[in-house]
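S.K.: The following comprises the amino acid sequence and a computationally predicted model.
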Amino acid sequence: MAGDPLKILRSVYGYDAFRGQQEKIIRHVIEGNNAFVLMPTGGGKSLCYQIPALARPGMGLVISPLIALMLDQVTALGEAGVRAAALNSDLDGEARRALWRQIHAGELDLLYVAPETLMRDATLEGLRNVPLSLVAVDEAHCLSQWGHDFRPHYRALADLGQIFPATPRMALTATADTPTRAEIRSLLQIDEQDCFVAGFDRPNIRYTITEKADPRRQLLAFLNEHREESGIVYCLSKRKTEETAEWLGEQGYEAIAYHGGMDRAAREKAQHRFQREDGVVVVATIAFGMGIDKPDVRFVAHLDLPGSIEAYYQETGRAGRDGLPAEAMMLYGMGDVMQRNRFIEESDAPEARKHVERQKLDALLGLAETGHCRRKALLNYFDDDCEPCGNCDTCLNPPEMFDASIPAQMALSCMYRSGERFGQAHIIDILLGSRNEKVLANGHDKLSTYGIGKDYTRPIWRDILRQIIALRLIATDSAGHGGLHLTEKGVQFLKERPTLMLRKPRPKPVTNESAARS
Ligand code: ADP
Ligand code: ZN
C-alpha cells in the first residue's frame with residue numbers, strides 16, 4: 001500500500017480531502033509519534049489510526065470495547081479492500097488458528113481486539129514477534145476512573161508502553177474533560193505535545209447564558225421566538241419538569257414532561273411524539289436525550305445549571321443537527337451554584353473525586369460569567385479554539401466592562417481581614433457597614449474595611465463577587481458552608497494590585513469616578 005496519506009484516502013476510502021486535523025494527526029503518527037485524539041462523535045477518528053496503519057509497515061492493533069463495533073469496522077474495511085480482522089472470544093478453534101496464521105504471515109493491515117483478549121498471556125505471547133505499525137486505543141475514556149464509562153479491563157492497558165515500547169500509541173475518544181484526559185495520557189504515557197483536539201464547534205448553535213431573574217417569564221420570552229418549533233427544556237428535578245410542562249400547556253404550548261420516574265410506556269410515548277410531531281416542547285431531566293435522533297431540534301433551554309461543561313455541550317448539542325440555525329439558552333443563579341457546591345461537599349465521594357467536581361463547577365461558572373465569546377470559552381474548555389463567533393450573546397451584545405480593581409481589592413481585603421470563613425452575604429454586610437447582629441458579634445464593625453463599599457448596592461456587590469469567583473480570585477470553602485477564601489491567585493492579586501476589568505454589573509451602572517472616589 002502506498003505510504004501517502006492523501007492517496008490512501010482517495011484510493012481506499014474514496015474521499016477527496018481530509019477533514020479538520022485528520023491529516024496533521026495521520027502524518028504525526030506515520031512519523032512514529034504517539035497521539036491523543038479528542039474529536040466529537042462523527043468527527044472522523046477511525047481514519048486517524050487506519051491510514052497510518054496502512055501507511056506504516058506492520059500490522060495495526062486496534063483496541064475497542066465492543067465486539068459489535070469491531071465487526072462493523074472489519075466488514076466495512078474488507079469491502080474497501082483493507083485486510084482487517086477481529087480477534088475475539090467468539091471465534092472457534094479453527095477460525096482462531098487460521099487468524100493467527102494470517103497474523104504471523106504478515107497478511108493483516110489491522111487487527112481489532114478487546115482489551116481483555118489482548119491482555120491474556122497467550123495473546124501477548126502470540127504477538128511477541130509480530131511487527132506492529134501502531135497500537136490504537138479506541139474509546140480511550142474507558143481507561144479513566146473520571147470518565148463516564150470506566151471499564152476495569154481497560155485499566156490493564158496502562159502496560160502497553162512497556163509491552164510494545166517501540167510502537168506508536170494512540171488514544172482516541174469523543175468525551176474527555178481535563179482530568180479524564182490527563183489520566184488517559186499519563187496511563188498511556190502520551191506527551192502533551194502529542195495531543196490533538198478539534199472539531200467541537202457547532203457554528204449553527206447560538207449560545208445565550210443569562211442570570212436567572214424571573215425564570216418562567218424568561219423562558220416564555222425565549223419560547224416566543226420559537227413558536228411551532230421543536231425543542232427541549234432541561235430542569236433539574238422531576239417535579240419541576242411536570243410543573244413546567246403543565247404551565248407551558250396553559251400558555252398554549254405543546255409541552256410534555258419526561259423524566260426517569262415515569263413508567264416506560266409513558267417515556268416511550270413522549271419520545272415518540274417528540275420525534276414524529278412538529279412543535280413539541282419536551283420538558284425533561286437529563287434522562288432525556290440519549291438515543292434521540294431528531295435533526296431539527298431548534299432549541300435547548302436550561303432552566304437549571306447543567307452538570308458540567310461537558311454535559312452542557314452534549315445537551316445543547318442535541319439542537320441543530322441538521323446544520324440550520326438553532327438556539328441554546330441557559331438560566332443560572334448563584335443559588336444553583338451554592339446548591340451544587342453543597343451536593344459536592346455533602347456527598348460520600350472520595351476527596352479526589354470532590355476535587356474534580358469542584359473544578360468542573362468552577363469551569364461552568366467561568367463560562368456563565370465570561371464577558372467574552374461563549375463559543376470560544378466553550379471550545380477552549382475542550383482545548384479547541386475559534387475566533388469570537390458573532391453568534392453568541394456576548395458577541396452580539398458585548399457587555400460593557402468597567403475597571404473593578406478597587407472594589408475587587410476591597411472585597412478581597414475584607415475577606416482576608418474577617419478570617420476567610422464568612423459567606424457572601426456577610427462580606428457584603430461588612431462592606432456596606434451593616435449593624436446587624438452577626439457583624440457586631442464578630443467585631444467586624446471594627447475592621448478597616450467596614451463600610452468602605454457603600455458606593456455600590458448589594459446586587460452590584462453580588463455580581464462583582466460572582467465574577468471574581470469565576471476568575472478564581474476567591475473560592476467557596478470545601479466544608480460546603482459557602483464561606484469564601486482567597487485563592488493563591490487572589491493573594492497575588494492583593495499583593496500586586498493589577499488592573500481588573502469586569503463586566504459592568506447590570507442592575508445599576510457603576511462609573512469609574514464612583515470607583516475612584518472610594
Ligand atoms: P468517529 O469515530 O469520530 O465517530 P468516524 O471515524 O466513524 O467518526 O467517521 C464518521 C463518518 O465520517 C464516517 O462515515 C466516515 O467515513 C466519514 N469521514 C471521515 N473522514 C472523512 C473525510 N475526510 N471525508 C469524508 N468523510 C469522512
Ligand atoms: Zn461568540
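M.R.: All right, it came through fine. Numbering: from 1, shown residues only. Ligands and ions are numbered 1, 2, ... in the order given.

S.K.: Pull out the buried positions in stretch 37-47.
M.R.: 37-40, 43-47 (16 or more other C-beta atoms under 10 Å). All C-beta atoms are positioned from the backbone trio N, CA, C, and that covers glycine.

S.K.: out of the residues you listed, which touch ligand 1?
M.R.: Restricting the buried residues of stretch 37-47 to those near ligand 1 by C-beta under 6 Å from any ligand atom leaves 39, 43-47.

S.K.: Quick one, which of those has the minimum pLDDT?
M.R.: When these are compared by pLDDT, Gly43 scores lowest at 83.

S.K.: ok, now which ones touch the spatially closest residue to that residue that is not a sequence neighbour?
M.R.: Once flanking residues are discounted, Gly43 sits nearest to Gly199: 4.2 Å by C-beta to C-beta, 6 or more residues apart in numbering. Residues near Gly199 by C-beta atoms under 8 Å, 6 or more residues apart in numbering: 19-21, 39-40, 43-44, 384.

S.K.: what do you get if the cut-off is 7 Å, keeping everything else the same?
M.R.: 20, 39-40, 43 (C-beta atoms under 7 Å, 6 or more residues apart in numbering).

S.K.: just to revisit the earlier point, show me which of the ones next to ligand 1 among the buried residues of stretch 37-47 is closest to Leu248.
M.R.: Leu248 has its nearest neighbour among those in Gly43, at 35.1 Å by C-beta to C-beta.

S.K.: Now do the phi/psi pair for that closest one.
M.R.: phi -70, psi -20 (degrees, to the nearest 10).

S.K.: Can you tell me how far it is from Asp384?
M.R.: Look at Gly43 and Asp384: by C-beta to C-beta, to the nearest Å, they are 11 Å apart.

S.K.: Switch the ones next to ligand 1 among the buried residues of stretch 37-47 over to a markdown table, and while doing so, append secondary structure and distance to Asp194 to every line.
M.R.: Output for those, formatted as a markdown table (DSSP: H, G, I helix; E, B strand; the rest coil; distance: C-beta to C-beta, whole Å):
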| residue | secondary structure | distance to Asp194 |
| --- | --- | --- |
| Met39 | coil | 15 |
| Gly43 | coil | 18 |
| Gly44 | coil | 18 |
| Lys45 | helix | 15 |
| Ser46 | helix | 19 |
| Leu47 | helix | 18 |
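
S.K.: need these in TSV with distance to Ala311, can you?
M.R.: Shown next, in TSV, are these (distance: C-beta to C-beta, whole Å):
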residue	distance to Ala311
Met39	19
Gly43	19
Gly44	24
Lys45	21
Ser46	26
Leu47	28
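
S.K.: Give me the contacts around whichever helix in the chain runs longest.
M.R.: Ordering each helix of the chain by length in residues (DSSP state H) puts helix 351-369 first. Under the criterion C-beta under 7 Å, 6+ apart, residues 146, 177, 179, 209, 305, 308-309, 312, 332, 337, 340-341, 344, 374, 377-378, 381, 466-467, 469-470, 472 lie in contact with helix 351-369.

S.K.: quick one: the helix or strand hosting Trp100 to chain centroid distance?
M.R.: Using DSSP states H and E, the element containing Trp100 is helix 93-104. Counting by C-alpha atoms, centre = their mean, to the nearest Å, helix 93-104 is centred 42 Å from the centre of its parent chain.

S.K.: So which elements touch the helix or strand that that helix is followed by?
M.R.: Toward the C-terminal end, the helix or strand that comes next after helix 93-104 (DSSP H and E) is strand 110-113. Under the contact criterion of 3 or more C-beta pairs under 7 Å, 6 or more residues apart in numbering; DSSP states H and E, strand 110-113 touches strand 59-63, helix 67-79, strand 84-87.

S.K.: if we go to 10 Å?
M.R.: Strand 110-113 makes packing contacts with helix 45-55, strand 59-63, helix 67-79, strand 84-87, helix 93-104, helix 121-127, strand 132-137 when contacts are defined by 3 or more C-beta pairs under 10 Å, 6 or more residues apart in numbering; DSSP states H and E.

S.K.: close enough to count as contact, Glu31 and Pro52?
M.R.: Yes - if you go by C-beta atoms under 10 Å, Glu31 and Pro52 touch, sitting 9.1 Å apart.

S.K.: These two: which has the busier surroundings?
M.R.: Pro52 (28 against 10; other C-beta atoms under 10 Å).

S.K.: And the helices in the stretch 401-518 of the chain?
M.R.: 405-417, 424-432, 437-441, 458-470, 488-496, 512-517 (DSSP state H, counting those that start in this stretch).

S.K.: cool, the stretch 151-300 of the chain as well?
M.R.: For the stretch 151-300 of the chain, the helices defined by DSSP H, counting those that start in this stretch cover 152-155, 160-163, 178-188, 215-224, 238-250, 264-276.

S.K.: Nearest to ligand 1 among those helices would be which one?
M.R.: Between ligand 1 and those, the shortest gap by C-beta to the nearest ligand atom is with helix 178-188, which sits at 16.1 Å.
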